[in-house]
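>>> all I have is the shape, not the residue letters:
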């Protein structure tokens, strides 16, 4: 069992390296990239916006309650915004990319695999990785980066509304604490997380789609496995990146 898990992990990393090399090969499948970009964006934009509102509200309410107990209400805005931008926004985007876009990518590649379309492409000298996988992975990465900005804005607005309206905060204190605590590297790490999370979601979905087992039922199992594996990897990578960021970038004013 352990040997099989290590073998699968090695194949996953091998696919990631192959995709990274194939990005720079020509011809680039621009039309496929645009189609996949539009598809992933169309199935994730609305859910991301709707999910980010309660996330921002819950964070604002919880942080507001804690800061009120500590007598530091003036820092509610900055703390809640940092939590949304650094943590909540990239994770929301990654989960939606993996759950909506990644599952569709896995199902599409898996169905092509069991119909032996990918084998036919290899016989004709066409690389399935360059033709199908690379545009889908790049589309997931691009949508994740752009969607991260949307989720951050919507989450901040939701947190602002609930803090000012429901908890009696003042707009001036909310904005001043944000400007006192936030800095540009917070946005940079958020976008970098979204980019890496999109890459992971696309790679895992493509890997499971390229290796289904047992016909149509195997494709369904592969979709479920890709979502679960992606979720586990995302939370682990998020923990590592957050720890490294907090060690490298000092807090503002520190």
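Nice, thanks for sending it over. None of these values were measured; they are calculated from a predicted model.

>>> give me the mean pLDDT for the helix or strand hosting residue 42.
Using DSSP states H and E, residue 42 sits within helix 30-70. Over the span of helix 30-70, the pLDDT mean works out to 81.

>>> again with stretch 194-206
pLDDT averaged over stretch 194-206 gives 91.

>>> who's in contact with that stretch?
With CB atoms under 8 Å, 6 or more residues apart in numbering as the test, stretch 194-206 has contacts from 12, 15-16, 19, 89-91, 93-94, 97-98, 101-103, 105-106, 109, 133, 136-145, 147-148, 226, 229-230, 233-234, 237-238, 241. C-beta here means a position set from N, CA and C on the backbone, and glycine is covered the same way.

>>> on that earlier part again, what is the helix holding residue 42 packed up against?
helix 76-83, helix 89-96, helix 103-114, helix 134-161 (3 or more CB pairs under 8 Å, 6 or more residues apart in numbering; DSSP states H and E).

>>> repeat the analysis, applying 7 Å as the threshold.
Other elements packing on helix 30-70 under the criterion 3 or more CB pairs under 7 Å, 6 or more residues apart in numbering; DSSP states H and E are helix 76-83, helix 89-96, helix 134-161.

>>> and it, how far out from the chain middle?
Put simply, helix 30-70 sits 10 Å off its chain's centre (CA atoms, centre = their mean, to the nearest Å).

>>> so that helix versus helix 134-161, what angle?
Per axes from the mean of the first three to the mean of the last three CA atoms, to 10 degrees, the angle that helix 30-70 makes with helix 134-161 is 30 degrees.

>>> tell me which strands and helices the host helix or strand of residue 221 is in contact with?
Using DSSP H and E, residue 221 maps to helix 215-248. Applying 3+ CB pairs under 7 Å, 6+ apart, we find helix 215-248 packed against helix 89-96, helix 103-114, helix 184-210.
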